[in-house]
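*Asks:* Have a look; sequence and predicted model below, questions after that.
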Amino acid sequence: MSILVRSLWALSASLPLLHAKHAPLEYRINIVHPRQSSGPTLPGNWTAEGCYTDNTASRTLTGPSYTDTTNMTVESCISFCSDQSTSYVYAGVEYSQECYCGNAFSNGGTQALATDCDMPCSGDAQETCGAGNRLSVYWSGVQPPVPPITVPSVGLWDSLGCYNDSVNARALAISPSVDGDVDVESCTTACYNSGYPLAGMEYSTQCFCGLEFDNGATSISLGTCDMVCAGNSSEYCGGSNALNVYNYTGTDLPTPPSNPGGGGGGGGGGSSSPVYPVTSGLPSPWEYAACYVDNAYGRAISTELPDNSNVTVELCIASCSEQNFTVAALEYSVQCFCGDNLDNGAVTADESDCDMGCGGNSTEACGGPNRLSVYTSTGNVTVYPVPVPQNSSLPGQWQYQGCLKEPGANRTFPYQNIWTYNNTVEACLNQCAMFGYPAAGMEYGDECWCGDVSDVAEYSDGFANASDCSIPCSGDPIHLCGGPERLQLYYWNGGIDVWNTPDNIGYYEFLIGGVVVPLVATVGINGKVSFVEKYGTSEFDNSTGAYELDLSLVDNFELAWRTMHVKTDVFCSGSLILPDRAARQLNVGGWSLESTYGIRLYAPDGSAGVNGTNDWEENYQEVALQRGRWYPSALVMSNGSVLVVGGEVGSNGAPEPTLEILPTPAGGPTYKFLDYLNRTDPNNLYPFLHMLPSGRVFIGYYNEARILDPITLDTYQVLPNMPGSVTSFLAGRTYPMEATAVLFPQYPPYTDPVTVLICGGSNFGIALDNCVSIQPEAENPEWTIERMPSKRVMTCIVPLPDGTFLIANGAQAGVAGFGLGSDPNFQALLYDPSQPVHQRISVLNTTIVARMYHSELTLLPDGRVLVSGSDPQTPGYPEEMRIEVYYPPYLTDGRTQPNFTVEENDWDYGGTYTITVELYEGTTDTMRVSMLAATSSTHGNNMGSRTIFPEFSCNGNTCTVTAPPNTYVSPPGWQQLFVLDGPTPSHSQWIRLGGDPGELGNWPNFPDFTLPGVGPL
């Protein structure tokens, strides 16, 4: 299925920036699926060097950097690093949108696993741009220059080390004119020519001189002076508020001026000519606001454009306006910032503090060190206060816990959302709670993490100082959303989803060895189970493609199995049971060529211990589907005809986004094109089909759902999209993401909207851990999300006679298909719709048998569940032929199963029918009657499933059951009728409800097909 694999990953590569990682890697590696990308086209001799660690507090690549939230690519980052005045040999992309340059790996940056770099570039989703604290690094092929040093001496100038400085209290008061870009040589020369014995370089581009230190300047750590000189990348020229200071040791200094003042050039704290804010000639409605202090309590404005030595006020405003920002700010002559407000309690400064000329126009003020020249298009500037933790007015039952340490590159919680512009505490908490996660944290301002309280104890190093969480939320500047490797932590007070752990959990039991790996399992009205498997593509050369299991003979392998035959390959076909007199099993579609058009019929015969003689009948030349279909679904409609929907044109072929009716109506092609299936291929195979009490049809496909008109089969109503995972609304529910759908039980008077339940699925390889449900015909229908105790894709669900559902089989990672699933889910669950929402799931027993792709659950007449199949073709997991049964808790509590007889087994709608019951544990006051529609199961889908608890009354042990009122409440078909003595079901009796209104018993009318005819049984 290599074609399908490629199509899946191609789609996943285009998904939004959502990913999940967790520690430790070796434990959680199965949930991390690296993107496959086409790779960038690298210029010249540039090559990929791999994935490297990074840290926001101490960068691995320490040269120039920039952020581009929409257009970052590997190529643009390489171009940026190559085009600097000093061309850098390393370029690194991080976090989808960040570019860093450097000539060496600094601050302990080391090579990481290639899979750690898994985030798509914001400008090209086919390229990988690192991840959180991970750099995708590229090298120009040029040997890196010698790392920069603090020059010990230049001529008679000796280094004094690194000294502190301040914009408001300069250590050296004079800013001289510098010839060219600043480096140690040019700055010391400028100071010598001006007659000053002290020279200091700061912030790469600034030069200061003095006769002595002013304002109490003192020596600080040499590591603080960590910025390379603009004029020489092999030398350090100070840092932020830090000076590399040199002392002249000679005796031949010129005499300094008696009234020293600032000179020009060098980008220092002043200018040789005055600079002014621009107050006229700006594009309307932009105007100058004021000079503001930056970093008074944190960065005042967060969106920074790449440094531009030619920036002007007009150019900065134009750049911000193009991105629909309303505030533009300039700093340090070359920096332009954009936003809609100022953050962190920004305060105004003296206008004279914004005294640095713009790189592109030296007469315009472009801020200063930690000073912003601010312009606005709205007439005012909104300044938000210093952000604080949000610990009140929280949604639901959330409570604030504190600032939590993250465990480095690994994470405390497994699920991450990145909301670049709209992360808030409330939004994050609501997202986590919606999907059942009782612990949540915000980090780096724009990250929302979800998980469990237990994750904190297992993976975190504990709480940090509150001040470590210092970054405002990207969507709420007055509240904090964590910091670098720090989580703003919240817990839900109590449980969101409660998973019951009953004492009585039932058990698995080996039933019999199989002869093949069945793909379709169907219980017939003869009490036997028919299986069909791949024919022609089977792993077994002598396979006939069809077999029948006599449940009464499981102690004798040779007698239990009857060999049957099909003529074409049923691999990935659809099946159901017809409402005709023989309860024929219908199988449609298949693997390839004529198989995809196949219509196959089998009328179950024989009885317990007695072999039947009927076999599968088909003749492609006489009766066939109008369109070839691989992975189709089928449904008996209310009028008794059969609806066949979807699929592909053979194995991994083009989509077949159509539906058709069987028997095929006269008058030429009558199939119908469905644009919504065409649009969502290949993620809509085996669509979910259910008849609704209105007579309309529910169809679920990929992550969408709608209601169809039963006559025209046009869309009657588009339903809300199915929720996906906590990190992606694009997760899917139908093959290959493969969940399973069932209907909640229906009760008299059948006026309540019916509920559709769907459990499991996958986010393109990351299995889902939730069930979703909806009442499609309710007013304003919405989906309800309930979290399961574990992830599950390739889910199997079977309705039970007590109105509950058994959930089992599947995998905890991957998607459906050969070799595409891993980490089998051995845990059975019970889902009880009668319990309150979020309290409906109970944890049952486990099996030792891995059952993934092509596994099934099938209800047996005695109340047990047949567990069959698994054809994963995954190393380490066998082609599974063993057959198990599961004993649900209602069979393992020591109670005796009741008995009953039914006088008639051909029921009309609204009719009344007599049953005689024999109860051993209770009375008819506590008795229930249930009707479970006959089903055929493939790929976990029990096609045709339905559960009804009809109305009944009793006189002694004689009870009268009232059949459902019409064909809309329950389409015509065969049903297993059960009596429940308290919780304990009887063995079932087969009844037919509603006859055969579509006269399928006379179809197909060819001599080589055995027709059961129409009329009463």
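*Replies:* That came through, no problem.
*Asks:* Could you export stretch 785-796 as PDB, CA atoms only?
*Replies:* Below are the C-alpha coordinates for stretch 785-796, written out as PDB (Å, rounded to 0.1, in the frame of the first residue of the first chain):
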ATOM      1  CA  ILE A 785     -16.100  14.800  23.300                       C
ATOM      2  CA  GLU A 786     -15.300  12.100  25.800                       C
ATOM      3  CA  ARG A 787     -11.700  11.000  26.400                       C
ATOM      4  CA  MET A 788     -10.800   7.300  26.500                       C
ATOM      5  CA  PRO A 789      -8.200   5.900  28.800                       C
ATOM      6  CA  SER A 790      -5.800   5.200  25.900                       C
ATOM      7  CA  LYS A 791      -5.300   5.900  22.200                       C
ATOM      8  CA  ARG A 792      -7.000   3.700  19.600                       C
ATOM      9  CA  VAL A 793      -7.000   3.600  15.900                       C
ATOM     10  CA  MET A 794      -8.600   0.700  13.900                       C
ATOM     11  CA  THR A 795     -11.200   0.600  16.700                       C
ATOM     12  CA  CYS A 796     -13.700  -2.200  16.800                       C
END
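*Asks:* Buried ones in it, by neighbour count?
*Replies:* Taking 16 or more other Cβ atoms under 10 Å as the neighbour-count basis, stretch 785-796 is seen to contain the buried residues 785, 786, 787, 788, 790, 791, 792, 793, 794, 795, 796. Just so you know, the C-beta spots here come from the backbone N, C-alpha and C atoms, and that holds for glycine as well.
*Asks:* State the next helix or strand along the chain beyond the lowest-mean-pLDDT helix or strand in the chain.
*Replies:* Least confident element among the helices and strands of the chain, by mean pLDDT, DSSP states H and E: helix 25-28 (a mean of 25). As assigned by DSSP states H and E, the chain's next helix or strand after helix 25-28 is strand 47-53.
*Asks:* Could you point out the helix or strand that follows that following strand?
*Replies:* Counting by DSSP H and E, the element after strand 47-53 in chain order, helix or strand, is strand 65-67.
*Asks:* tell me what that next one is packed against?
*Replies:* Contact here means 3 or more Cβ pairs under 8 Å, 6 or more residues apart in numbering; DSSP states H and E; on that basis strand 65-67 packs against strand 98-102, strand 303-304.
*Asks:* which of those sits most buried?
*Replies:* Among those, the stretch with the highest mean neighbour count (mean count of other Cβ atoms under 10 Å) is strand 98-102, at a mean of 24.
*Asks:* who's in contact with that one?
*Replies:* The list of residues contacting strand 98-102 from outside it, by Cβ atoms under 8 Å, 6 or more residues apart in numbering, reads 54, 59-68, 72, 76-77, 80-81, 84, 88, 90-94, 129-130, 135.
*Asks:* low-scoring pLDDT stretches of the stretch 801-950 of the chain, where are they?
*Replies:* Low-confidence regions of the stretch 801-950 of the chain, defined here as pLDDT under 70, do not occur.
*Asks:* Could you measure from the residue lying closest to residue 459 once chain neighbours are set aside over to residue 451?
*Replies:* On the basis of Cβ to Cβ, 6 or more residues apart in numbering, the spatially nearest residue to residue 459 that is not a chain neighbour turns out to be residue 412, at 4.7 Å. Distance, residue 412 to residue 451, by Cβ to Cβ, to the nearest Å: 7 Å.
*Asks:* for residue 506, same thing?
*Replies:* Taking Cβ to Cβ as the criterion, residue 506 is separated from residue 451 by 30 Å.
*Asks:* before we move on, the earlier item: just the closest of the buried residues of stretch 785-796 to residue 391, please.
*Replies:* Distances from the buried residues of stretch 785-796 to residue 391 were compared by Cβ to Cβ; the smallest belongs to residue 787, at 25.8 Å.
*Asks:* give the contact list for that closest one.
*Replies:* 435, 436, 437, 496, 497, 769, 770.
*Asks:* what is it paired to in the beta sheet?
*Replies:* According to DSSP bridges, the partner residues bridging residue 787 are residue 770.
*Asks:* Use 43 as the first number from now on
*Replies:* Let's use 43 as the start, then, which means that last one is residue 829.
*Asks:* Got the confidence number for it?
*Replies:* Residue-level confidence at residue 829 comes out at 98, pLDDT.
*Asks:* Grab the nearest non-local neighbour of residue 677.
*Replies:* The spatial neighbour of residue 677 that comes closest, neighbours along the chain excluded (Cβ to Cβ, 6+ apart), is residue 731 at 4.0 Å.
*Asks:* my guess is residue 429 contacts residue 385, does it?
*Replies:* Yes: using Cβ atoms under 8 Å, residue 429 is in contact with residue 385, at 7.3 Å.
*Asks:* Where does pLDDT dip in the stretch 193-342 of the chain?
*Replies:* Judged by pLDDT under 70, the stretch 193-342 of the chain has its weakly predicted residues at 210, 299-315.
*Asks:* What segments of it are helices?
*Replies:* 226-236 (DSSP state H, counting those that start in this stretch).
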